[in-house]
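# Next input, structure requested:
(2 chains)
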Amino acid sequence: MLEIKFVRQNLSHVQKALQNRGDAADLQTFKHCESQRRNLLKESEALKHQRNVASQQIAQMKKDGQNTDTLTTEMRDVSGRIKLLDSALKKNEAEIESILSRLPNIPHQSTPIGANETENPVVKQIGQPTKFNFDPLPHWSVGRQLKILDFERAAKITGARFPLYFGAAARLERALINFMLDIHIGEHGYLEVLPPFIVNRQSMTGTGQLPKFEEDLFKLHESDYYLIPTAEVPVTNIHRDEILDENQLPIYYTAYTPCFRSEAGSYGKDTKGLIRQHQFNKVELVKFVKPETSYEELEKLLANAEEILIRLELPYQVITLCTGDLGFSAAKTYDIEVWMPSQGRYREISSCSNFESFQARRANIRYKTTGKKGTSYVHTLNGSGLAVGRTVAAILENYQQVDGTVLIPDALQPFMGGMQKISDGT
RNA sequence: GGAGAGAUGGCCGAGCUGGCUGAAGGCGCUCGCCUGCUAAGCGAGUGUGGGGGUAACACUCCACCGAGGGUUCGAAUCCCUCUCUCUCCGCCA
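Sure thing, here's the model as predicted:
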C-alpha cells in the first residue's frame, strides 16, 4: 500500500508510475475523498474538543452542587452530531482504503519501462544450454517411463494439475528441499522457519494478495482461512503489527512450504508436467531490512537463489521484469529462468523482489532507531530459493540420458543416500 | 466438546463502586551527575497513529487500555458481540 500522504502530495508522479505498469488508476476519486476526509475530521475533532471541555466542567459543577441540565442537554446534541460525522468519516475512510489497497507499488527507477514480458531485459546467462545427441524428452515423459511421476492417478485422486511422485522422484523432491535449506541456513545466514500453511485474511492483505487477487487463492469453506500461495505470506506476516528494534535488522528467514494456487486464467498453459500445478513445494527466502540497504540486499538474495542452480549445474539466465510485467507489490523483480531442453527455452524457477515499504505499510511492520523519535517502515524482500517442482523438472530434462535414465547432480547425491542415477521407479 | 479465568504502555503490574488516569508503581532504555574498575546511588526524560501548525523544530488538538458496537454530558472502568490466551475435564494425531 502506498502512503496516503505520499499519494496526496505526489499525485501526478503516482499516476505516471502506474501508467507505466499499464494500470489506469482512478486518482481523482481518491483526491476528492481525501480532502473530504480532512474536512470531516477537522469538524469532528473540534466538536470532541468542545465535549471534552464541557465534561470537565460538568464534573466540577456537580462537585460544587450546581445544576448541569442546560449543559448536559447541549452536549447531548453535540454528541449526536459527532456520531453522524464519525460514521460519515468511517465510510469515507473505507473508500480511501479500498482505493489505496488496490493501487500497486511504484516501480523502482532501475526497473525498465516496458509493456509486457517480451520486453524484460536479460541480465546474464550462466552455463550453456544442455547439448544432447538425441532428442530430449519432456520431463513428464521421462518421469512416466521411469514410473516416478503419475499425473493420471493424481487427477483421479484430486483433479488436474496435481502432482504424484513415486520412489526416486519423491526422494529427489525431498532431497532438494533439504539441499536448498541447508545451503541457505548454513552458508547464507538465514533462519529456518516452518510456518502455518493456512493463513487468515489479514495476512493475505498484508502481503498484497488480497483484496485484489482473491480468485488466485484457495479459500477454505465458510471460514476466513486461505491456503498459502507462497511462504512469503506467513513468513512476512511473522512481524505484522510489530515495531522491531534497529539492531534486530536485517532479518533473514528461509522456509519450506507447499504452495497452493488456483491458477485461474491459465487454462491451456503448461497443462502437462510439473511446471504449473495447483500444489507445489517451494523453499522461500524472506528478508526484513533497513530501507537504505534494500537494493544491496536484493542483489544478495538473487545471488543466494542462483547459488542453488550453480551447485546443481543447471544452465540459467536472469532477467529483470519490466514495468508492464512487474507484480502488484514489487518495486523491482529479478526472475531466474532455468533451461528446459524439451521446450528449447528458459523457464522461471525463481522470482526475487524488493517490495520496499509497500508490504510493510500494509502489514504495519516498522522499526525504531535508538535515540531517534518515531518509527520507520522496514523494507521487505523475498525470493524463491527455489521452486522445488520446477527444479525436479529441470533435473529430469537436463540430466536425462539416451537410455532413459537420469543422472543425479553431484551436489545432490549425498542427499539421495549416494544415489548417482535414477534408472527405475525405486 | 464442557466448565471457569483473563487480555492495560518495550516488559511486569495497579486501576475496573464511571469524571484532574495517556494511564500509579517497578523493570528496561536514553541523557546528565557521581564514582579506582564493575556494581550501586542521584536527577531528568522515555508510546503509537492522525489533524492543524512550522523551512524544520516548537506548539496544539483528536484518537488509542485485545477488536467492534451500545449506554452516558462523560467509559480502561457498565452492557452486548467477536477474537485470542490460560486453567480444569473429556476426546484425539
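# do you know how far residue A:177 is from residue A:20?
38 Å (Cβ to Cβ, to the nearest Å). (C-beta placed from N, C-alpha, C; glycine too.)
# Run a quick neighbour tally on residue A:346.
20 (other Cβ atoms under 10 Å).
# correction: residue A:288
27.
# which residues does the residue of the stretch 151-300 of chain A found nearest RNA strand B contact?
Closest to RNA strand B within the stretch 151-300 of chain A is residue A:243: 6.2 Å, counting by Cβ to the nearest atom of the strand. Shown in contact with residue A:243 (Cβ atoms under 8 Å, 6 or more residues apart in numbering): A:366, A:367, A:368, A:375.
# could you dump the helix or strand of chain A with the lowest mean pLDDT to CSV, C-alpha only?
Scoring the helices and strands of chain A by mean pLDDT, DSSP states H and E places strand A:242-245 at the bottom, with a mean of 82. Written as CSV, here are the backbone C-alpha positions of strand A:242-245 (Å, rounded to 0.1, in the frame of the first residue of the first chain):
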residue,chain,number,x,y,z
GLU,A,242,5.4,-5.2,15.3
ILE,A,243,7.9,-2.5,15.9
LEU,A,244,11.3,-4.0,15.5
ASP,A,245,14.5,-2.7,17.1
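# follow-up on the earlier one: the residue of the stretch 151-300 of chain A closest to RNA strand B and residue A:367, how far apart?
7 Å.
# Please enumerate the shared neighbours of those two.
Contacts common to residue A:243 and residue A:367, judged by Cβ under 8 Å, 6+ apart, are residue A:375.
# hmm, back to that, switch the contacts of residue A:243 over to TSV; also include pLDDT and secondary structure.
As requested, the contacts of residue A:243 are exported to TSV (pLDDT from 0 to 100; DSSP: H, G, I helix; E, B strand; the rest coil):
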residue	pLDDT	secondary structure
A:366	86	strand
A:367	85	strand
A:368	80	strand
A:375	81	coil
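# of these, buried ones?
A:366, A:367 (16 or more other Cβ atoms under 10 Å).
# Give me every residue in the stretch 1-150 of chain A lying close to RNA strand B.
A:4-5, A:38, A:41-42, A:44-46, A:48-49, A:51-56, A:58-59, A:62, A:68, A:72, A:75-76, A:78-79, A:83, A:90 (Cβ under 7 Å from any atom of the strand).
# at 6 Å what do you get?
A:5, A:38, A:41-42, A:45, A:48-49, A:51-52, A:54-55, A:58-59, A:62, A:72, A:75-76, A:79 (Cβ under 6 Å from any atom of the strand).
# could you say what helices and strands the helix or strand that contains residue A:76 packs with?
Under the criterion of DSSP states H and E, residue A:76 resides in helix A:69-101. The contact analysis (3 or more Cβ pairs under 8 Å, 6 or more residues apart in numbering; DSSP states H and E) places helix A:69-101 against helix A:4-9, helix A:27-63.
# Any buried residues in the first one, and which?
If I follow you right, that is helix A:4-9. A:4, A:7.
# what's in contact with that helix?
A:14, A:27, A:30, A:31, A:34, A:96, A:100, A:103.
# Please point out which parts of stretch A:22-29 sit buried.
A:25, A:27.
# do the same with stretch A:171-191
Buried-residue list, stretch A:171-191, by 16+ other Cβ under 10 Å: A:171-177, A:179-181, A:183-184, A:188, A:190.
# swap in stretch A:76-88?
Neighbour-count burial for stretch A:76-88 [16+ other Cβ under 10 Å]: A:82, A:85.
# Just the C-alphas of that stretch, formatted as CSV.
Backbone C-alpha positions of stretch A:76-88 (Å, rounded to 0.1, in the frame of the first residue of the first chain) are rendered in CSV as follows:
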residue,chain,number,x,y,z
ARG,A,76,-26.3,15.6,24.0
ASP,A,77,-26.8,17.4,20.7
VAL,A,78,-23.0,17.7,20.2
SER,A,79,-22.6,14.0,20.8
GLY,A,80,-25.3,13.3,18.3
ARG,A,81,-23.5,15.4,15.7
ILE,A,82,-20.2,13.7,16.4
LYS,A,83,-21.8,10.4,15.9
LEU,A,84,-23.1,11.4,12.5
LEU,A,85,-19.7,12.9,11.4
ASP,A,86,-17.8,9.9,12.6
SER,A,87,-20.0,7.5,10.7
ALA,A,88,-19.5,9.6,7.6
